[in-house]
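**Student:** fold the following, please.
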Amino acid sequence: METITICSGADQEEPPVIVLRLEDSGHILYHSTGIRALPNEVERDNELRDKLELHKLAMCKAYTLMQLKRMDMNDRIFEMQVGRVLSAWVSPVVNNRREPMYSRYLRYVEEIHKVGVVGESRYTQLLSKARKLWRFLEINGLTGVSAREFDSSLLLEYRQFVYDEYKYVPLHPHLYPSGGGRRAPKKRCKNNTVVSDLLALKAFFSELEDTGEIRRSPFRKLSGEKRRSVMHVEYDEPFYLRADEFRRVLLADVPAELQWAKDMFVLNCALGCRIGDLKKLSMEKVAVSEEGIPYVHYIPSKTSRVSKREIVTPLIKPAWEIVQRTRFCFNGHNPNYEKQLYNKALRRLLEYCGIDRPVCLYEPEVGDNVYRPLYEVASSKLARKTHVDMLNKVQINYYAAGLHREGSKAVFRYTSLELADRFALLNAAFGEEGYKV
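**Tutor:** Numbers count the residues shown, from 1 in each chain. Next up is the predicted model:
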């Protein structure tokens, strides 16, 4: 019997899923581990190799049981048996509640992904947060601590670690391998990122509370004032491109190396979608209505688990021209571009176009607001903010005529915005003329 590692299911945004193949006596069976990693990562990462070895042992045991019970030798039955073996190995640990914190958190992430509570993008984020938790436990000699023993004092220590993890990189370089999309932190983490990590941990402990594995979450052991301080999210003043600034970018004759970033940004401003959804769009998602209005339709990835309702957005003329010319292939010479690469190109684009209006940001290091040129702080979210702001400024107040009180739901029962109406509003917002194809 032989097991070899193959990779499948890769896309442009994340590493492929590792699939194991078992071959014996003419039988060839496959098992998907659910682990996303590049082949060279497996060679470097001892923890990853250990996880794969566990899956291989489970495959061997499942295959032996299938032979003894004379079961059908097909991938569906094999995958089912491997899952049962893995579950059986985990169950005794759960019962005595001594499972180490990291492995229990990792198992929680795998479970909510498997049942569809989180999608692929969120699953990848949670795995990254799990690795951060593992580094905290490893550095502090707490790898054997269980979830029950992870109290509020450890929670506050972990919070401080997330803020200042960049300080540990030179002290523990073996915990921060480069490559595979991973980057070691180089500066103090922002408050909102820390809160995001804590919210993920809070959801984990709430799950353990609900299932009776722990009596009380460490978050609930914090005083109300301390909990509010720890979980407080700080928002800067909103900034976006004004209409004249957007037109400046739209009409700019930019260098060839910035054209792909300009195409992405202008199209994203016109659509208002998240950058992850934009990168997944293809010509299959483009259609034309009976009135000759071109539009894109897609299911937002962030909300896809709770709703399969499509977003339908008309394409203003500049957006339609970009779609026709690029066919959603923006950076052809480097198809595996990441969000960070786009962000850097976007900042260079805005600087080239002279978008240097000062915007206000709060800097926790100095404890005060600072003003920086817009092009320095721009990111992929800027297009979505610009889209919302430009539409907001042409919105008609439903209650302006005084026929209904403010907030009356009757207004929305009487009417709805159809595709042609939204097309007209988009054209008005972006200063474009209507057209048909």
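
**Student:** longest strand of the protein, counting residues only.
**Tutor:** Of all the segments of type strand in the chain, defined by DSSP state E, the longest one is strand 27-36.

**Student:** hmm, residue 353 is touching residue 252, no?
**Tutor:** Yes - Residue 353 is within contact range of residue 252, at 4.8 Å (criterion: C-beta atoms under 8 Å). All C-beta atoms are positioned from the backbone trio N, CA, C, and that covers glycine.

**Student:** between those two, which is the more surrounded one?
**Tutor:** It is residue 353, of residue 353 and residue 252, that has more neighbours when counted by other C-beta atoms under 10 Å, with 20 against 15.

**Student:** do you know the pLDDT at the more buried one?
**Tutor:** Looking at residue 353, its pLDDT stands at 94.

**Student:** where does pLDDT dip in the stretch 101-250 of the chain?
**Tutor:** Along the stretch 101-250 of the chain, segments meeting pLDDT under 70 span 178-182, 235-236.

**Student:** mind listing the strands for this structure?
**Tutor:** Residue ranges of the strands in the chain, as given by DSSP E, are 2-8, 17-24, 27-36, 286-288, 294-298, 311-314, 358-363, 368-373.

**Student:** direction included, what does the longest one pair against?
**Tutor:** Strand pairing for strand 27-36, determined by DSSP bridges: strand 17-24 (antiparallel).

**Student:** work out the gap between the partner strand and the centre of the chain.
**Tutor:** Its chain's C-alpha centre lies 28 Å from the corresponding centre of strand 17-24 when counted by C-alpha atoms, centre = their mean, to the nearest Å.

**Student:** go through that strand and flag the buried ones.
**Tutor:** For strand 17-24, a neighbour-count test (16 or more other C-beta atoms under 10 Å) marks 17, 18, 19, 20, 22 as buried.

**Student:** could you dump these to CSV with distance to residue 418 and pLDDT?
**Tutor:** Formatted as CSV, the buried residues of strand 17-24 follow (distance: C-beta to C-beta, whole Å; pLDDT from 0 to 100):
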residue, distance to residue 418, pLDDT
17, 42, 80
18, 47, 84
19, 46, 86
20, 51, 87
22, 55, 87
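
**Student:** residue 302: which of those is nearest?
**Tutor:** Here the nearest of the buried residues of strand 17-24 to residue 302, counting by C-beta to C-beta, is residue 17; it sits at 21.4 Å.

**Student:** taking the centroid of this protein, which residue is nearest it?
**Tutor:** Most central in the chain under C-alpha atoms, centre = their mean is residue 121, positioned 4.0 Å from the mean C-alpha point.

**Student:** residue 301 is in contact with that residue, correct?
**Tutor:** Yes - taking contacts as C-beta under 8 Å, residue 121 lies within contact range of residue 301: 5.8 Å.

**Student:** overlap in contacts of those two?
**Tutor:** When contacts are counted by C-beta atoms under 8 Å, 6 or more residues apart in numbering, residue 121 and residue 301 have residue 276 as shared neighbours.

**Student:** quick one: residue 60 and residue 80, what's the gap?
**Tutor:** Relative to residue 80, residue 60 is positioned 16 Å away (C-beta to C-beta, to the nearest Å).

**Student:** with residue 261 instead?
**Tutor:** Look at residue 261 and residue 80: by C-beta to C-beta, they are 47 Å apart.

**Student:** which of the two has more residues huddled nearby?
**Tutor:** A direct count of neighbours by other C-beta under 10 Å for residue 261 and residue 80 places residue 261 higher, at 24 against 13.

**Student:** what pLDDT does the residue nearest to the more buried one when sequence neighbours are not counted get?
**Tutor:** Counting by C-beta to C-beta, 6 or more residues apart in numbering, residue 345 is the residue found nearest to residue 261 once chain neighbours are left out, at 3.7 Å. On the pLDDT scale, residue 345 is placed at 92.

**Student:** OK, contacts around residue 233?
**Tutor:** 191, 192, 195.

**Student:** can you do 10 Å?
**Tutor:** For residue 233, the contacting residues are 191, 192, 194, 195, 196, 199, by C-beta atoms under 10 Å, 6 or more residues apart in numbering.

**Student:** any idea how far residue 56 is from it?
**Tutor:** When distances are taken as C-beta to C-beta, residue 233 and residue 56 turn out to be 43 Å apart.
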